[in-house]
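Q: prediction below, plus the sequence it came from.
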Amino acid sequence: MSITRRNLLKGMAATSAVAATAATTGCSSLQTASTEQETATQPLKKPNLLIVFPDEMRTQSLGFMKQDPSDTPNINRFAKQGVFLRQAVSNFPLCTPFRGMLMTGQYPYRNGIQGNSHTAMAGNFGGKDFGIELKKNTVTWSDILKRNGYSMGYIGKWHLDTPEAPFVPSYNNPMEGRYWNDWTAPDRRHGFDFWYAYGTYDLHMKPIYWTNDTPRDKPLVIDQWSPEHEADIAIKYLRNEGGSYRDSDQPFTLVISMNPPHSPYDQVPQKYLDRYQDETSESLNTRPNVDWEKDYLDGYGPKYFKEYMAMVNGVDEQFGRILDELARLDLEEDTLVVFFSDHGCCMGSNGNPTKNVHYEESMRIPMIFRWPGKLSPRTDDLLFSAPDIYPTIFGLMGMADQIPDTVEGFNYANTVSGIEGDEKPTSQIYTFMPYGGQSYGRRGVRTDRYTLMIDRKVGKPLTFVLHDNVNDPYQMENIAEQNETLIQQLVEEELLPWLEHTGDPWRPTEVPASAANAYT
């Protein structure tokens, strides 16, 4: 990873004056590509933006990947029409940290969103105790689009605020010693003027929502599977009959944040389960790294894989309904559509029930951009990270000059557009920070071949995990002990530059030469 060269490229892409000078004075190949990007992605009019992102949907669950036995015909079709970034990851694969990276373009240490947003009951601690939420004065990409004349809509799960007393009664207030769900006050909605959302609430078959006009103490209770209901609302927003959802004279941005296939996995309509009626979780979940013997918490683990597949199929169906409506309204060529997830889900792989670990099933996420007439369909192995979403979208929309210097992600609009010139990253950072312990926890890197994870616990030696993802794609063997030189190289050439770039104070000590307990 070369921070200096990549920042140089970002600056060139964001400054039209540099591109103009390069065009007239003779320029490097990088400058030429930057100039081409300005021409290739600068639209004649402001494009619409449609973002759909389900929660806990791993890359392996995309049917066309041929890994999970999933049924995703609409996503398959969408991927063939767009640009699929096959190696995209969630760098801190947990709900709130991902959403923080998405909204700010910054990594968790810099934006302060280093865990889930929740408020603890007496005797516990939660994200609120450490200021973990999206700050009201933070300037997000949605704030910038609002200032640029966009109608802004948000539907579904938000999970970026810490609940306040008096707490809203709901099934997860409290749960696990914490309060999870709350409305988002209008002055914390970051430019979204159409609001149909909730904090975090996992009764998918009976969801609750707050709208622009819903009192905090009286949320709407809906008897409908949440992705289906959210697709219904999204379709109404797109149709905008009578101008009741948005300003018809403005371009629009609409975000649909679906909670499924997030747990609880049994919260799924029977019709989707019926599509797997002759299967069991055991017959479907055949990954060799799945630990079926482990005693998982009730409601989690590989025995719910059939339900997970059913939810993936349901999300695909609802996504297809939204795409069909966009086509029916003849809005496809005017709209950049982006599909991704906040993180994956292990479903028992390597003994992990869900997410927040360095394994592929947890980190890798779908990442697909579609814009007919502007983006040629293709697949790319760019090592794309969560904070890159915001600047890349702005680059594609011809708004690279609006990307603030505070953004730590990179604008890969060139690469997505099929234009040479972007400095490609050689790794992606992995992060886990315990609440209030930013100098502890897990850090690592994922390259095109290896995943390295280093764990620091208070009063204990560092532990190292290294996987060769080419020779061991299911990450079943830790090869750290016999590869100390490689670990040093990954630390020095990849991890340390990432820590510097993101302002993270965590630092590894020297790899021990013979401490067997350093390898787990």
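A: Ah, there it is. Fair warning: this is a prediction, and the values are worked out from it, not measured in the lab.

Q: surely Met57 is in contact with Val315?
A: Yes - Met57 lies in contact with Val315 (C-beta atoms under 8 Å); the separation is 6.8 Å. Any C-beta I mention is one placed from the backbone N, CA and C, and that applies to glycine too.

Q: residues shared between the contacts of those two?
A: Pro261 (C-beta atoms under 8 Å, 6 or more residues apart in numbering).

Q: low-scoring stretches of the stretch 101-250 of the chain, by residue?
A: For the stretch 101-250 of the chain, no stretch is flagged by pLDDT under 70.

Q: strands along that one, start to end?
A: 119-120, 151-157, 178-179, 194-198, 208-211, 220-221 (DSSP state E, counting those that start in this stretch).

Q: check the stretch 351-500 of the chain too.
A: Ranges of strands in the stretch 351-500 of the chain, per DSSP E, counting those that start in this stretch, are 367-370, 378-380, 428-432, 441-446, 450-456, 463-468.

Q: okay if I get those strands as a markdown table plus mean neighbour count, distance to Glu228 and mean pLDDT?
A: Formatted as a markdown table, the strands of the stretch 351-500 of the chain follow (neighbours: other C-beta atoms under 10 Å; distance: least, C-beta to C-beta, whole Å; pLDDT from 0 to 100):
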| stretch | mean neighbour count | distance to Glu228 | mean pLDDT |
| --- | --- | --- | --- |
| strand 367-370 | 24 | 21 | 98 |
| strand 378-380 | 15 | 30 | 98 |
| strand 428-432 | 25 | 34 | 98 |
| strand 441-446 | 24 | 35 | 98 |
| strand 450-456 | 23 | 36 | 97 |
| strand 463-468 | 21 | 38 | 98 |
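
Q: for Phe167, which of those is the nearest?
A: For the strands of the stretch 351-500 of the chain, the distance to Phe167 is smallest for strand 428-432, at 27.7 Å, taking C-beta to C-beta.

Q: how is the protein divided into domains?
A: As assigned by automatic domain parsing, the chain contains the domains 48-60+95-363, 428-518.

Q: pick the most deeply packed of these.
A: domain 48-60+95-363 (a mean of 20; mean count of other C-beta atoms under 10 Å).

Q: straight-line length of it, end to end?
A: In domain 48-60+95-363, first residue to last residue: 29 Å (C-alpha to C-alpha, to the nearest Å).

Q: how far does that domain sit from its chain's centre?
A: Offset of domain 48-60+95-363 from its chain centre (C-alpha atoms, centre = their mean, to the nearest Å): 10 Å.

Q: hang on, the earlier thing: TSV for the domains of the chain, including distance to Asp381?
A: Listed next are the domains of the chain as TSV, based on distance: least, C-beta to C-beta, whole Å:
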stretch	distance to Asp381
domain 48-60+95-363	12
domain 428-518	7
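
Q: I'd say Met258 and Glu230 touch.
A: Yes - the criterion here is C-beta under 8 Å, and Met258 meets it with Glu230 at 6.0 Å.

Q: overlap of the contact sets of those two?
A: Gly156, Gln318.

Q: next secondary structure after the helix ranked longest in the chain?
A: Longest helix of the chain, by residue count under DSSP state H: helix 305-328. Scanning forward in sequence from helix 305-328 by DSSP states H and E, the next helix or strand is strand 335-340.

Q: pairing partners for that next one, with directions?
A: Here strand 335-340 is paired, per DSSP bridges, with strand 48-52 (parallel), strand 367-370 (antiparallel).

Q: can I get these in TSV including distance to Asp298?
A: TSV is the format used below for these (distance: least, C-beta to C-beta, whole Å):
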stretch	distance to Asp298
strand 48-52	31
strand 367-370	33
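
Q: right, and the ones you listed - which one's nearest Glu325?
A: Taking those one by one with C-beta to C-beta, strand 48-52 is closest: 10.5 Å.

Q: tell me which residues are up against the closest one.
A: Here strand 48-52 has contacts from 145, 150, 251-256, 258, 319, 322, 326, 331, 334-340, 393, 397, using C-beta under 8 Å, 6+ apart.

Q: next one: stretch 328-340
A: So stretch 328-340 is contacted by 45, 47-53, 75, 78, 82, 88, 238-239, 319, 323, 326, 365-374, 389, 393, 396-397 (C-beta under 8 Å, 6+ apart).

Q: stretch 348-359 now?
A: With C-beta under 8 Å, 6+ apart, stretch 348-359 has contacts from 56, 92-94, 263, 285, 287, 289-292, 294, 296-297, 300-302, 305, 343-347, 361-362, 430, 432, 442, 444, 446, 451, 453, 465, 474-476.

Q: in space, what's closest to the most centrally placed residue in the chain - neighbours in sequence excluded?
A: Central residue of the chain (C-alpha atoms, centre = their mean): Asp342, 3.1 Å from the mean position. With sequence-adjacent residues excluded and distances taken as C-beta to C-beta, 6 or more residues apart in numbering, Asp342 is closest to Phe98, at 3.9 Å.

Q: so who does that neighbour touch?
A: So Phe98 contacts Ser90, Phe92, Asp342, His343, Ala386 (C-beta under 8 Å, 6+ apart).

Q: which residues does Tyr474 contact?
A: Going by C-beta under 8 Å, 6+ apart, Tyr474 touches Arg287, Pro288, Asn289, Ser349, Asn350.

Q: can we see that at 6 Å?
A: Shown in contact with Tyr474 (C-beta atoms under 6 Å, 6 or more residues apart in numbering): Pro288, Asn289.

Q: how much space separates it from Met347?
A: Computed with C-beta to C-beta, to the nearest Å, the distance linking Tyr474 and Met347 is 13 Å.

Q: same thing with Thr354?
A: Separation of Thr354 from Met347 (C-beta to C-beta) stands at 8 Å.

Q: how about the contacts of Phe98, which pair is most distant?
A: By the measure C-beta to C-beta, Phe92 and Asp342 form the most distant pair in these, at 9.9 Å.

Q: overlap in contacts, the two.
A: With C-beta under 6 Å, 6+ apart, Phe92 and Asp342 have no common neighbours.

Q: so what's the residue count around the nearest residue to Thr415 once chain neighbours are set aside?
A: Excluding the flanking residues, the one nearest Thr415 by C-beta to C-beta, 6+ apart is Asp422, at 4.6 Å. Asp422 has 25 neighbours, counted by other C-beta atoms under 10 Å.

Q: hang on, isn't Asp422 packed against Phe410?
A: No - Asp422 lies out of contact with Phe410 (C-beta atoms under 6 Å); the separation is 7.8 Å.

Q: excluding residues flanking it in the chain, which one is nearest Asp504?
A: In space, Asp504 comes closest to Tyr109 once its chain neighbours are excluded; the distance is 4.4 Å by C-beta to C-beta, 6+ apart.

Q: any idea how far the one you found lies from Gly115?
A: 12 Å.

Q: ok, now which ones touch Ser226?
A: Counting by C-beta under 6 Å, 6+ apart, Ser226 makes contact with His204, Pro207, Asn259.

Q: closest to Pro269 out of those residues?
A: His204 (9.2 Å).

Q: did I read that right, Ser70 in a strand?
A: No - read with DSSP: H, G, I helix; E, B strand; the rest coil, Ser70 is coil and lies in no strand.

Q: and the helices in the stretch 201-350 of the chain?
A: 226-239, 270-274, 281-284, 305-328 (DSSP state H, counting those that start in this stretch).

Q: keeping just the C-alphas, turn the last one into PDB.
A: These are the backbone C-alpha positions of helix 305-328, laid out as PDB (Å, rounded to 0.1, in the frame of the first residue of the first chain):
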ATOM      1  CA  PHE A 305     -28.700 -22.000   7.300                       C
ATOM      2  CA  LYS A 306     -31.900 -23.000   5.500                       C
ATOM      3  CA  GLU A 307     -33.600 -20.000   6.900                       C
ATOM      4  CA  TYR A 308     -30.700 -17.800   5.900                       C
ATOM      5  CA  MET A 309     -31.000 -19.100   2.400                       C
ATOM      6  CA  ALA A 310     -34.700 -18.400   2.400                       C
ATOM      7  CA  MET A 311     -34.200 -14.900   3.500                       C
ATOM      8  CA  VAL A 312     -31.500 -14.300   0.900                       C
ATOM      9  CA  ASN A 313     -34.000 -15.500  -1.700                       C
ATOM     10  CA  GLY A 314     -36.700 -13.100  -0.300                       C
ATOM     11  CA  VAL A 315     -34.300 -10.100  -0.400                       C
ATOM     12  CA  ASP A 316     -33.500 -11.000  -4.000                       C
ATOM     13  CA  GLU A 317     -37.200 -11.000  -4.900                       C
ATOM     14  CA  GLN A 318     -37.800  -7.600  -3.300                       C
ATOM     15  CA  PHE A 319     -34.800  -6.100  -4.900                       C
ATOM     16  CA  GLY A 320     -36.100  -7.400  -8.200                       C
ATOM     17  CA  ARG A 321     -39.400  -5.600  -7.700                       C
ATOM     18  CA  ILE A 322     -37.600  -2.300  -7.100                       C
ATOM     19  CA  LEU A 323     -35.500  -2.800 -10.200                       C
ATOM     20  CA  ASP A 324     -38.500  -3.700 -12.300                       C
ATOM     21  CA  GLU A 325     -40.300  -0.500 -11.200                       C
ATOM     22  CA  LEU A 326     -37.300   1.600 -12.000                       C
ATOM     23  CA  ALA A 327     -37.300   0.100 -15.500                       C
ATOM     24  CA  ARG A 328     -41.100   0.600 -15.900                       C
END
